[in-house]
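Colleague: Model the structure of this input:
(4 chains)
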Protein chains: 4
Amino acid sequence: MEENNKLFIPIILGTAREGRESEKVAKYIERKARENFKLKTEIIDVKELDFTGTEGKGLAEKNPKFKTTIEKADGLIIVTPEYNHGYPGSLKITLDMLFEEYKHKCVGMVGVSRGGFGGARVIENILPVIKDLSLVTIRPDLNFSNVEGLFDEAGKIKDESYNGKVDVFLKELIWMTKTLKWGRENIS
Amino acid sequence: MEENNKLFIPIILGTAREGRESEKVAKYIERKARENFKLKTEIIDVKELDFTGTEGKGLAEKNPKFKTTIEKADGLIIVTPEYNHGYPGSLKITLDMLFEEYKHKCVGMVGVSRGGFGGARVIENILPVIKDLSLVTIRPDLNFSNVEGLFDEAGKIKDESYNGKVDVFLKELIWMTKTLKWGRENIS
Amino acid sequence: MEENNKLFIPIILGTAREGRESEKVAKYIERKARENFKLKTEIIDVKELDFTGTEGKGLAEKNPKFKTTIEKADGLIIVTPEYNHGYPGSLKITLDMLFEEYKHKCVGMVGVSRGGFGGARVIENILPVIKDLSLVTIRPDLNFSNVEGLFDEAGKIKDESYNGKVDVFLKELIWMTKTLKWGRENIS
Amino acid sequence: MEENNKLFIPIILGTAREGRESEKVAKYIERKARENFKLKTEIIDVKELDFTGTEGKGLAEKNPKFKTTIEKADGLIIVTPEYNHGYPGSLKITLDMLFEEYKHKCVGMVGVSRGGFGGARVIENILPVIKDLSLVTIRPDLNFSNVEGLFDEAGKIKDESYNGKVDVFLKELIWMTKTLKWGRENIS
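Modeller: I've put the predicted structure just below:
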């Protein structure tokens, strides 16, 4: 596991909505990634990005730190709520800023919803986008259902059954991240 | 056809990207809807909406004209480019502002792309969102391929085969709009 | 409600898998449709259709009763399990047999799964197919989760919270069925 | 390139429809894979599989050769026509037979249509299934449009622009196949 601390896997917090619950989920996963797997990680908050004036690749210049972070990343985690069965506009504007920076990197998907289906639908919805960015998905997702009330005030998760699922998810994410990193470095 | 002038079917221009080609498509359809079918219509430009501070229903208050327009609408046309096989973030932020205002209204989908597949993929991608907003789709879509160079400087379309397709599309849109309007007014 | 007994809304049971649980769900909905809403209905079991030799419209000739049933239908209910996040092959072969017979009719979607998300993903997956067949969806779906053990030996549902959801679903299905029927009969 | 002859990448011909055009596409790709890249390959024809009695994993026993072929495969190519914007039922029944055999293997998607969009929509539609089988997609797809008349009687493609696209597709497929093979053999 010591070698994991060479892997940098940032977490995109994919909503700018006021009162968003997904922030708690992102922080919970960040902590698990560090504590249980020694990963290097940080949260990329789409709310802090500059979307003024346009959308598309033109925005990359206005957000140089985002570009640099994705360039350095070995893999990604995307935490996304489900809005009307689809992805938030702010997450899409964020992803659409870059292109080559994602190539042949792994992404793990985390769905969040106030209802009972844990954002299962938004994950299905974003798959074509993920593929067109040359990102590579893994089979296990994380689905956080009934997110209001799921965490206590200290950010601790009340339903401990999530802990095991996060471990399965991160283990697979690390497998794919290491595999693709080898490919990028060794196969032309 | 005279009764069509009682139908109000605005067109959402679903991208804020600089240099967007979809604007030409929206204007072309607006003209056809008025000239060929006597529909009342206007373009709702997502670029002119206020997205500051949040996303979600909180934005409706900042965009009262958008809310009123959708309330008054009998149906909708959405013109959307395809960005990485998905819908633009600005279009999604726009749609996510409202909810009840869409109920049991018809929507016609227009895909736009610089490549050869006319935005066919973004239309598939947005279908779950459309359904969750209680909007009702029609079978025929419009697909504008190779959009750069498709219109002359006056906004006239160079490939005249589109004219017939627009007529088929609008005819079906009117059928469904009238049908749903009757349902809203007559069935509790 | 008396007029509902003129509406014929058959239920497609969309799997041929041995040991399928969806059959219990289809029978439960059939009973509710008759008892609570006086609808005319029957179950179309894809397991009893003839798929030999080909797929596509060529199969319609081998299944004349299916063709007649869909022709007579005012609307449809599709009960589908979720197999690897998609629809069963047998359901797709069934739907692909016909085309004009579906036009401008309403469909209500019922997802079934052994896990906790009630077939939410298969419903998203089948939406493009539904639209291309000129079928019209409604917003409410039914999602049957953890279906093993959900019904007792007499076919009675153990979790009574489903009863209210079925009523909401059927009420909306009837609204759309009546509306589209009016459109088919009154708008050219 | 000599090492490619150790890679076994079979091609699933994903339709049982009489008069299917996709067979020509599968044979064309098979030839290119052998001639241009020295890959070991063969066509798995879903029409020759036994679907009687059920669907799901129960069918694996009736189709032992299919199971063995996928077990031995280093990667996969799926050639699929687009039927009503979705995947053929016969392809889905085939894929649903197995599970562990697909794990961490690469798949390249080839869409086929009689119309102009090259099966672009069926590829989007099957992505959730692919992911749930632990298969890994690549960014480039192949899209065969207007397939009737695309090949001469000897099976030679008339539009030579496809040749370059096939090379890009196979090159990326080989990259991902080698990468994942390394992962399967070296990372626990």
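Colleague: and A:Ala16, what does it touch?
Modeller: By C-beta atoms under 8 Å, 6 or more residues apart in numbering or on different chains, the contact set of A:Ala16 is A:46-47, A:88, A:90, B:54-55. To be clear about C-beta, it is placed using only N, CA and C from the backbone, and glycine gets the same treatment.
Colleague: Not counting stretch A:46-58 itself, show me its contacts.
Modeller: A:12-16, A:59, A:62-63, A:66, A:88, A:90-91, A:93-94, A:96-99, B:15-18, B:51, B:83, B:88-90.
Colleague: For chain A, which segments count as helices?
Modeller: A:22-37, A:64-72, A:89-96, A:120-132, A:161-186 (DSSP state H).
Colleague: Give me the contacts around the shortest one.
Modeller: Just to be clear, that refers to helix A:89-96. A:12, A:14-16, A:44, A:46-47, A:49, A:51, A:55-57, A:59, A:66, A:78, A:80, A:129, A:133, B:51, B:55, B:83-84, B:86-94, B:96.
Colleague: Next to chain B, which bits of chain A? Give me the list.
Modeller: Residues of chain A lying close to chain B (C-beta under 8 Å from any C-beta of the partner chain) are A:15-18, A:51, A:53-56, A:58, A:83-96, A:121, A:124-126, A:128-129, A:131-133.
Colleague: OK, contacts around the most centrally placed residue in chain A?
Modeller: Closest to where the C-alpha atoms of chain A average out (C-alpha atoms, centre = their mean) is A:Ile78, at 1.7 Å. Each residue near A:Ile78 by C-beta under 8 Å, 6+ apart is listed here: A:11-12, A:14, A:91, A:107-110, A:126.
Colleague: In TSV: these, plus neighbour count.
Modeller: Below are the contacts of A:Ile78 laid out as TSV (neighbours: other C-beta atoms under 10 Å in any protein chain shown):
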residue	neighbour count
A:Ile11	22
A:Ile12	24
A:Gly14	27
A:Leu91	28
A:Val107	23
A:Gly108	25
A:Met109	25
A:Val110	28
A:Ile126	26
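Colleague: Of those, which belong to strands?
Modeller: Among those, the ones falling in strands (DSSP state E) are A:11-12, A:107-110.
Colleague: Can you add distance to A:Glu160 and pLDDT and give the residues you listed back as CSV?
Modeller: Below are the ones in strands among the contacts of A:Ile78 laid out as CSV (distance: C-beta to C-beta, whole Å; pLDDT from 0 to 100):
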residue, distance to A:Glu160, pLDDT
A:Ile11, 21, 98
A:Ile12, 26, 98
A:Val107, 26, 98
A:Gly108, 21, 98
A:Met109, 22, 98
A:Val110, 18, 98
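Colleague: with the residues you listed in mind, which one is nearest to chain C?
Modeller: Closest approach to chain C among the ones in strands among the contacts of A:Ile78 (C-beta to the nearest C-beta): A:Met109, at 12.6 Å.
Colleague: The closest one contacts A:Pro140, doesn't it?
Modeller: No. Taking C-beta atoms under 8 Å as the definition, A:Met109 is not a contact partner of A:Pro140, at 9.1 Å.
Colleague: Around chain C, which positions in chain A sit nearby?
Modeller: So chain A meets chain C at A:85, A:116-118, A:120-121, A:124-125, A:143, A:145 (C-beta under 8 Å from any C-beta).
Colleague: Among the residues you listed, which has the minimum pLDDT value?
Modeller: On pLDDT alone, A:Gly116 ranks lowest of the residues of chain A next to chain C, at 95.
Colleague: So the nearest residue to it once chain neighbours are set aside versus chain D, what's the distance?
Modeller: Leaving aside its chain neighbours, A:Gly116 sits nearest to A:Ser145 (4.9 Å; criterion: C-beta to C-beta, 6 or more residues apart in numbering or on different chains). A:Ser145 is 19 Å from chain D, where distance means C-beta to the nearest C-beta, to the nearest Å.
Colleague: And A:Ile138, by the same measure?
Modeller: 8 Å.
Colleague: Over to A:Leu7?
Modeller: Using C-beta to the nearest C-beta, A:Leu7 is found at 12 Å from chain D.
Colleague: Just confirm that residue contacts A:Lys72, I think it does.
Modeller: No. Using C-beta under 8 Å, A:Leu7 makes no contact with A:Lys72, being 11.0 Å away.
Colleague: of those two, who's got more company?
Modeller: Higher neighbour count among A:Leu7 and A:Lys72: A:Leu7, with 20 against 11, using other C-beta atoms under 10 Å in any protein chain shown.
Colleague: show me what contacts the more buried one?
Modeller: Contacts of A:Leu7 by C-beta under 8 Å, 6+ apart are A:39-40, A:74-75, A:174, A:177-178, A:181.
Colleague: rerun at 10 Å
Modeller: A:33, A:37-41, A:73-75, A:173-174, A:177-178, A:181 (C-beta atoms under 10 Å, 6 or more residues apart in numbering or on different chains).
Colleague: Put together TSV for these, with pLDDT on each row.
Modeller: Shown next, in TSV, are these (pLDDT from 0 to 100):
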residue	pLDDT
A:Ala33	98
A:Phe37	97
A:Lys38	97
A:Leu39	97
A:Lys40	97
A:Thr41	98
A:Ala73	98
A:Asp74	98
A:Gly75	98
A:Leu173	98
A:Ile174	98
A:Thr177	98
A:Lys178	98
A:Lys181	98
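Colleague: would a markdown table of those with neighbour count and distance to chain D be doable?
Modeller: Shown next, in a markdown table, are the contacts of A:Leu7 (neighbours: other C-beta atoms under 10 Å in any protein chain shown; distance: C-beta to the nearest C-beta, whole Å):
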| residue | neighbour count | distance to chain D |
| --- | --- | --- |
| A:Ala33 | 25 | 18 |
| A:Phe37 | 19 | 14 |
| A:Lys38 | 15 | 16 |
| A:Leu39 | 25 | 15 |
| A:Lys40 | 16 | 19 |
| A:Thr41 | 20 | 20 |
| A:Ala73 | 24 | 17 |
| A:Asp74 | 19 | 14 |
| A:Gly75 | 24 | 13 |
| A:Leu173 | 24 | 12 |
| A:Ile174 | 25 | 9 |
| A:Thr177 | 28 | 10 |
| A:Lys178 | 21 | 5 |
| A:Lys181 | 19 | 9 |
